[in-house]
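**Q** Structure for the following, please:
(one chain, ligands or ions: 1)
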Amino acid sequence: MVKQTFDYIIIGAGSAGCVLAARLSEDQHISVCLIESGGSDKSALVQMPAGIAASVPYGINSWHYNTVPQKALNNRCGFVPRGKVLGGSSSTNAMVYIRGNKYDYDNWAKNGNPGWDYNSLLPYFIKAENNKTFNNALHGTQGPLHVQELTEPSAVNDCFLNACVEQGIQLNEDINGAEQHGARLSQVTQHNGERCSAAKAYLTPNLNRPNLSVYTHSHVNKIIINNNIACGVELQQGGKTTTLLAKKEVLLSAGAINSPQLLMLSGVGPKAHLETHNIALKHALEGVGANLQDHLTVVPLCKTNTAKGTFGVSVKGAASIIKGCAQWFNKRRGVLTSNFAESHAFINVWDNSPAPDIQLEFVIGLVDDHSRKLHRGHGYSIHSSIMRPKSRGTIRLANSNPRSAPLIDPNYLSHPDDLSLMLAGLKKALHILQSSAFDKIRGNMVYPLDVNNDAQLIEFIRQTADTEYHPVGTCKMGNDKMAVVNSKLQVHGIRSLRVIDASIMPTIVTGNTNAPVIAIAEKAADLIKLSYKTGL
Ligand SMILES: Cc1cc2nc3c(=O)[nH]c(=O)nc-3n(C[C@H](O)[C@H](O)[C@H](O)COP(=O)(O)OP(=O)(O)OC[C@H]3O[C@@H](n4cnc5c(N)ncnc54)[C@H](O)[C@@H]3O)c2cc1C
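**A** Below you'll find the predicted structure:
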């Protein structure tokens, strides 16, 4: 059988993979193959912003993983939805555009990763961005990733923003500007009333390039490594197993859960663990799958005394969605352009934190257990997430079958500081919900909470807290013994193999992770082009 050969093979068409495919195939002499386990992103559930409410809870376009039982969460298994579709998680996320804090990136650089400080990454945020609101030295207006204000934000956001002010949180005109602290309506990755995923921004416009091949419903079983050089991939397409060869490099962009899984399946990872599963060791790297970090969130829910301005389970709610469907399908307008998390705030609950330690996301609906638990009536919620948790978890193989779900253990709240911070963040959210700005619309809390009862609040955290969908760090960049990639994102000890996605973050960023991953991939594309030109 003739094996297909490409210059670059990219595994995973998510936030990072789409950027790489577009940037590397700009040179028509370079052949690029992008491989995605999921399918097309044409469905309205992807393109319509509010489609997330139907897809995430039910596993549509998603890997729909769960964590192993979490000791600190009363042995509950957390939910881990990850995009499995062109665009990856950028096709199933809540579209909030946040870059993180300068502190995060400067810390990466300080810890042995030259070129990854904020000032070095800023040009890549700008290169990616097409911001409809801001046109200044900190923002881009020419990039493929459309960033804009919500088309029709709910008036209920005013209650949240005014309540923030009541609680001493200033409004911030640009949370991605010079100062991150403060509250604001969300800027979203949308364009003309549709989601602007990494696929929409980078891939769709370039699908006609003859040097770019995109394979969907194609699952990479393993990276082929001979003599410590990555040569290609073994691919499963339906019942067929194929081999693709890479003349230059294999680029692993399968995300923070699947990238370490695939490295381990390919024989790169902790020696003893691979031995347990009878996987032939190609190169021992203890850090593969370690250092898992995520934003843990707790969500107090409050009912409203009106159906206006929120999503809900009621006759009026259903009528509003039916009207919204007509508006969206005809004009790309209406309530279904909502991303639900319509405003947010970055705050310090601890004085000595070097950057905001809590993010509050205000959601115009009762999001209980990722909307898997529905409640009659209408309401709103605040996601209170800890920004730089100290707990560290792992990704491990359940077995050597490439189709098995990996064992995901975020090890939430294993560091005591994380619980204290969660508690302080929950209290702040409750103070905001109790502010007079909400007086006119406030109903009962779904789960009544007493802000002065720490034991009750801690039990609420243990019984309900879960991911804010930002796992990172499992193939971390660095030069210590637990690092998986160097500052050029090349896998230590293996030639022609890089990891480029959320897994390379040495520490999690202060805020949502899509824009940071896109900036990482923009920078990586330049690093790869430089290697290609200089042979280094
Ligand atoms: C429900 C949800 C809400 C979120 N909300 C926000 C938000 O509002 N704002 C924000 O900034 N961030 C948000 N995020 C996080 C953000 O979207 C992710 O951090 C980011 O998309 C990760 O990019 P990535 O390239 O690392 O991985 P992904 O985008 O997940 O891409 C990985 C891709 O690899 C594919 N893949 C995996 N294994 C294989 C294999 N073996 N073979 C072939 N293909 C494979 C996957 O199917 C997937 O398409 C959210 C995420 C989720 C899931």
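
**Q** Could I get the full set of strands for the stretch 51-200 of the chain?
**A** 65-70, 76-80, 129-131, 145-149, 182-185, 187-188, 190-191, 194-195 (DSSP state E, counting those that start in this stretch).

**Q** Kindly present those as JSON lines, with separate columns for mean pLDDT and mean neighbour count.
**A** Just so you know, the C-beta spots here come from the backbone N, C-alpha and C atoms, and that holds for glycine as well. Formatted as JSON lines, these follow (pLDDT from 0 to 100; neighbours: other Cβ atoms under 10 Å):
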{"stretch": "strand 65-70", "mean pLDDT": "98", "mean neighbour count": "18"}
{"stretch": "strand 76-80", "mean pLDDT": "98", "mean neighbour count": "19"}
{"stretch": "strand 129-131", "mean pLDDT": "98", "mean neighbour count": "22"}
{"stretch": "strand 145-149", "mean pLDDT": "98", "mean neighbour count": "21"}
{"stretch": "strand 182-185", "mean pLDDT": "98", "mean neighbour count": "21"}
{"stretch": "strand 187-188", "mean pLDDT": "98", "mean neighbour count": "24"}
{"stretch": "strand 190-191", "mean pLDDT": "98", "mean neighbour count": "21"}
{"stretch": "strand 194-195", "mean pLDDT": "98", "mean neighbour count": "24"}
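
**Q** Dump those into CSV; add distance to the ligand as well.
**A** CSV is the format used below for the strands of the stretch 51-200 of the chain (distance: least, Cβ to the nearest ligand atom, whole Å):
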stretch, distance to the ligand
strand 65-70, 10
strand 76-80, 8
strand 129-131, 13
strand 145-149, 11
strand 182-185, 14
strand 187-188, 8
strand 190-191, 11
strand 194-195, 11
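
**Q** among the ones you listed, which is nearest Leu360?
**A** strand 182-185 (7.8 Å; Cβ to Cβ).

**Q** I figured Glu234 hits Lys222, correct?
**A** Yes - using Cβ atoms under 8 Å, Glu234 is in contact with Lys222, at 5.1 Å.

**Q** quick one on the thing from earlier: quick check: which of the strands of the stretch 51-200 of the chain is nearest to His273?
**A** strand 65-70 (14.8 Å).

**Q** quick one: low-confidence parts of this structure?
**A** Residues of the chain that meet the criterion pLDDT under 70 lie in 1-2, 536.

**Q** Residue of it nearest the ligand, please.
**A** Residue nearest to the ligand within the chain (Cβ to the nearest ligand atom): Gly14, separated by 1.7 Å.

**Q** and the nearest residue to that residue once chain neighbours are set aside, how many neighbours?
**A** Among residues not flanking Gly14 along the chain, Gly88 sits closest, at 2.1 Å (Cβ to Cβ, 6 or more residues apart in numbering). Per other Cβ atoms under 10 Å, the neighbour tally for Gly88 reads 35.

**Q** now do Asn111
**A** 16.

**Q** Same check on Asn278?
**A** When neighbours are counted by other Cβ under 10 Å, Asn278 registers 8.

**Q** Would you verify that it is located in a strand?
**A** No - secondary structure of Asn278 (DSSP: H, G, I helix; E, B strand; the rest coil): coil, not part of a strand.

**Q** That one contacts Asn401, correct?
**A** No - using Cβ under 8 Å, Asn278 is not in contact with Asn401; the gap is 11.7 Å.

**Q** quick one on the thing from earlier: give me every residue that touches the residue nearest to Gly14.
**A** 12-15, 17-18, 36, 38, 82, 198-199, 255 (Cβ atoms under 8 Å, 6 or more residues apart in numbering).

**Q** switch to 10 Å and redo it
**A** Residues near Gly88 by Cβ atoms under 10 Å, 6 or more residues apart in numbering: 12-18, 36-38, 41, 61, 63, 82, 197-199, 253-255, 258, 501-502, 514, 517.

**Q** How about Ser218?
**A** Here Ser218 is in contact with 11, 13, 33-39, 233, 235-238, 240, 242, 244 (Cβ under 10 Å, 6+ apart).

**Q** and with 8 Å instead?
**A** Ser218 neighbours (Cβ under 8 Å, 6+ apart): 35-37, 235-237.

**Q** now, the most widely separated pair of the residues you listed?
**A** Pairwise over these, using Cβ to Cβ, the maximum falls at Glu36 and Gln236, 12.4 Å.

**Q** The two - which one has more neighbours?
**A** Taking other Cβ under 10 Å, Glu36 and Gln236 do not tie; Glu36 has more neighbours (32 against 16).

**Q** roughly how far apart are the more buried one and Asn401?
**A** According to Cβ to Cβ, to the nearest Å, Glu36 and Asn401 sit 20 Å apart.

**Q** again with Ser90
**A** Between Ser90 and Asn401 the computed distance is 28 Å (Cβ to Cβ).

**Q** How about Ala519?
**A** In terms of Cβ to Cβ, Ala519 sits 34 Å off from Asn401.

**Q** what does Tyr105 give?
**A** 37 Å.

**Q** Please apply the same query to Ala254.
**A** Distance from Ala254 to Asn401, by Cβ to Cβ: 16 Å.

**Q** So for those two, which residue has more residues nearby?
**A** Neighbours per residue (other Cβ under 10 Å) separate Ala254 from Asn401, with Ala254 holding more: 28 against 11.

**Q** Show the contacting residues for the more buried one.
**A** Ala254 neighbours (Cβ under 8 Å, 6+ apart): 11-12, 14, 220, 261-262, 501.

**Q** count of residues packed around the closest residue to it other than its chain neighbours?
**A** Distance criterion Cβ to Cβ, 6+ apart; nearest residue to Ala254, sequence neighbours excluded, is Gly12 at 3.9 Å. Neighbourhood size, Gly12 [other Cβ under 10 Å]: 28.
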